[in-house]
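Novice: one predicted model, sequence on top.
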Amino acid sequence: ITQLSIDDLNVTVGSNESIELLGGFLQFEYFESLLSPYATANLLIIDTGYAIMAGAQEDLQERLGTLRSSTDTLKGKTLTVKISHPSVESGIAGDGLEFSADNPWRISDTPLVISDDKLEIFTLKLRPQYAINNEKTKAYKTYVNKIRDNVIDILASSPQDGGLGANPGNVAERYDDTVNKCTERGQGRKPFDVIIALARQAIPTSPANAKPGCFFYETQDGFNFKGIDNLISQASSFAYVHGAAATFCEASNLRILDFQVRSTMRDLFKSLNYGENMQLATFDPISLDFGTALKVVEDTGYTLGGDTLLQEIVEESENYSTFFDLKAPDDGSTEISSEINNPPDFWRVQALTRYNSLLNKVIDIVVPCNLQLRAGMVLDCAWMKKTDRPEQGISDEKLSGRYLILHLSHKFNGDGQTGSLTHMTIVRDTDGIYSDGGS
């Protein structure tokens, strides 16, 4: 870590308004996830009581003390972090992770971990500025454009207009275009909640015949709005191997150091609720029609494994789940309209099944730190098969294959051997290495 400081402290007149924390550094953890609209981080600090001179409001004698006791508050203060690591070459100072004035982390909380007479160990919970804006903002606007355009509108609008005041970034590269528009009312919800509600309804324009369902998430590169089928159709970014590998070559950094299989088959009870036909009940406020219909889950050609997505995980049963939806007229029009906007029978059942099936296989892995990894990337992972004939191939052809990164965390500490690691939760919908007839 090349820089670690709090930059906007209110301290005694004449003292620096910035304090370096490198001397008390214990651990820094960075997190991103397909299920989180913004990245987060935690910083673990040890403080022995000589950190900073207190102001008169905190201590009449204005003595040196701990960071927590000698400042008015740490909440909302800006933290600068710069981390250098050889796994990535970038244009930033430090060649790795950087969060500074242009992309600030705000301290949201400082829970105490350990305290005695001589020291304090505490955590700085870090969140981006737009996460704070999200908690303070209520969206009341009605969004009536294509879903992707609505997402960008919410991000870029100021908090006064119910948005987040954030830079959407490279729209063409990181936001999938969508087929359908919708009428989505803010109804006083938080902006990120509205975006996630929109993502569930979105039908991407590519790949061909993509099923409904998108993820909205943040990585080191910025915000992303990606369809599930688009994510799993991308080429693999890295190939990782668990088992015997040379420790003196470049490939040694592409090892799975440790793993834990959390789920290797579809949960029977989930499949009974979400993996089969569903009944959709809808009410049309224009015609006053109320109807119910069984919706058959459609298969898709996009999978991470070699098996057909739904043929083996859909249970044949007379049971079905029922969902109720209110059909919304196109009230975003300048004229009165009775046209139904984004009817739920067009996306609801397919999206529910697509999200659920993606979490069929769940594995936690630990690898040497790789700052080029991102949530939403696809990895090739190989595990060794337990067999008496290794000469016929050593990969476990059921467990090995392509996986999508669901959660990702880079963790740094002062240990020389394990001081920088990347932890990931990887998921897939079906088993197998081979697809397209064994290719």
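Specialist: Thanks, I have it. Numbering: from 1, shown residues only.

Novice: just the helices in the stretch 101-250 of the chain please.
Specialist: 129-136, 147-156, 171-174, 191-201, 228-233 (DSSP state H, counting those that start in this stretch).

Novice: angle of the second one against helix 191-201?
Specialist: The one in question is helix 147-156. Between helix 147-156 and helix 191-201, the angle comes out at 170 degrees (axes from the mean of the first three to the mean of the last three Cα atoms, to 10 degrees).

Novice: show me what the mean pLDDT comes to for helix 147-156.
Specialist: Mean pLDDT, helix 147-156: 94.

Novice: how near is residue 424 to residue 411?
Specialist: 11 Å (Cβ to Cβ, to the nearest Å). All C-beta spots, glycine's among them, are computed from the backbone N, C-alpha and C.

Novice: I misspoke; the intended subject was residue 43.
Specialist: 11 Å.

Novice: quick check: phi and psi on residue 351?
Specialist: Phi and psi for residue 351, reported as degrees, to the nearest 10, are phi -70, psi -40.

Novice: can you pull the contacts of it?
Specialist: 200, 201, 211, 212, 213 (Cβ atoms under 8 Å, 6 or more residues apart in numbering).

Novice: what is the lowest-pLDDT residue among the residues you listed?
Specialist: Among the contacts of residue 351, residue 211 carries the weakest pLDDT, at 84.

Novice: how many neighbours does that residue have?
Specialist: The number of residues packed near residue 211 is 22, by other Cβ atoms under 10 Å.

Novice: how about the helices of the stretch 101-250 of the chain in CSV, adding distance to residue 398 and mean neighbour count?
Specialist: CSV is the format used below for these (distance: least, Cβ to Cβ, whole Å; neighbours: other Cβ atoms under 10 Å):
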stretch, distance to residue 398, mean neighbour count
helix 129-136, 40, 17
helix 147-156, 37, 22
helix 171-174, 34, 12
helix 191-201, 31, 21
helix 228-233, 18, 21
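
Novice: of those, which approaches residue 366 most closely?
Specialist: Nearest to residue 366, of all those, is helix 228-233, at 22.5 Å by Cβ to Cβ.

Novice: who are the packing partners of that closest one?
Specialist: Contacts defined by 3 or more Cβ pairs under 8 Å, 6 or more residues apart in numbering; DSSP states H and E place helix 228-233 against strand 214-219, helix 348-358, strand 401-413.

Novice: export those to TSV and append columns for distance to residue 227.
Specialist: Below are the helices and strands packed on helix 228-233 laid out as TSV (distance: least, Cβ to Cβ, whole Å):
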stretch	distance to residue 227
strand 214-219	5
helix 348-358	9
strand 401-413	12
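
Novice: deepest-packed of these, please.
Specialist: Most buried of the helices and strands packed on helix 228-233, by mean neighbour count (mean count of other Cβ atoms under 10 Å): strand 214-219, with a mean of 24.

Novice: residues in contact with that one?
Specialist: So strand 214-219 is contacted by 32-39, 128, 147, 151, 176, 178, 195-196, 199-200, 202, 204, 223-228, 231, 374-376 (Cβ under 8 Å, 6+ apart).

Novice: can you flag the buried ones in the residues you listed?
Specialist: With burial judged by 16 or more other Cβ atoms under 10 Å, the buried subset of the contacts of strand 214-219 is 32-34, 36-39, 128, 147, 151, 176, 178, 195-196, 199-200, 202, 204, 223-228, 231, 375-376.

Novice: returning to what we had before: joint contacts of residue 424 and residue 411?
Specialist: By Cβ under 8 Å, 6+ apart, no residue touches both residue 424 and residue 411.

Novice: what is in contact with residue 43 and residue 411 at once?
Specialist: Taking Cβ under 8 Å, 6+ apart as the criterion, residue 43 and residue 411 both touch 27, 28, 29.

Novice: quick one: which of the residues you listed is most hemmed in?
Specialist: residue 28 (22 neighbours).

Novice: what's across from that one in the sheet?
Specialist: residue 43, residue 412 (DSSP bridges).

Novice: just confirm it contacts residue 45, I think it does.
Specialist: No - with contact defined as Cβ atoms under 8 Å, residue 28 and residue 45 do not form a contacting pair (9.7 Å).

Novice: for residue 422, list each beta-bridge partner.
Specialist: residue 367, residue 410.

Novice: ok, the one 5 residues further on next?
Specialist: With DSSP bridges as the criterion, the beta-bridge partners of residue 427 are residue 362, residue 404.

Novice: by mean pLDDT, which helix or strand of the chain comes out lowest?
Specialist: helix 268-274 (a mean of 52; mean pLDDT, DSSP states H and E).

Novice: shaky segments in the stretch 101-250 of the chain?
Specialist: Residue ranges of the stretch 101-250 of the chain with pLDDT under 70: 101, 117, 244-250.

Novice: where exactly do the strands run in the stretch 301-439 of the chain?
Specialist: Counting by DSSP state E, counting those that start in this stretch, residue ranges of the strands within the stretch 301-439 of the chain are 321-326, 361-368, 378-382, 401-413, 420-428.

Novice: cool, and the stretch 51-200 of the chain?
Specialist: Taking DSSP E, counting those that start in this stretch, the strands of the stretch 51-200 of the chain run over residues 52-53, 64-65, 78-84, 96-99, 105-109, 112-115, 120-128, 142-143, 184-185.

Novice: which of those strands sits closest to residue 164?
Specialist: From the strands of the stretch 51-200 of the chain, taking Cβ to Cβ, the stretch that ends up closest is strand 120-128, at 9.9 Å.

Novice: quick check: neighbours of that closest one in the sheet, parallel or antiparallel?
Specialist: Strand 120-128 has these strand partners (DSSP bridges): strand 40-47 (antiparallel), strand 105-109 (antiparallel), strand 112-115 (antiparallel).

Novice: neighbouring contacts of it?
Specialist: Residues contacting strand 120-128 (Cβ under 8 Å, 6+ apart): 26, 38-47, 49, 66, 68, 74, 79, 99, 103-115, 218.

Novice: buried ones among those?
Specialist: 38-45, 47, 49, 66, 68, 74, 79, 99, 104-108, 110, 218.

Novice: mind checking the helices and strands packed on helix 228-233 for the one nearest to residue 184?
Specialist: Of all these, strand 214-219 comes closest under Cβ to Cβ, at 13.4 Å.

Novice: based on its surroundings, how many neighbours for the closest residue to residue 372 other than its chain neighbours?
Specialist: Leaving aside its sequence neighbours, residue 372 sits nearest to residue 88 (Cβ to Cβ, 6 or more residues apart in numbering; 5.2 Å). Residue 88 has 17 neighbours, counted by other Cβ under 10 Å.

Novice: repeat that for the one 10 residues further on.
Specialist: Residue neighbour count, defined by other Cβ under 10 Å, stands at 20 for residue 98.

Novice: understood, closing this out.
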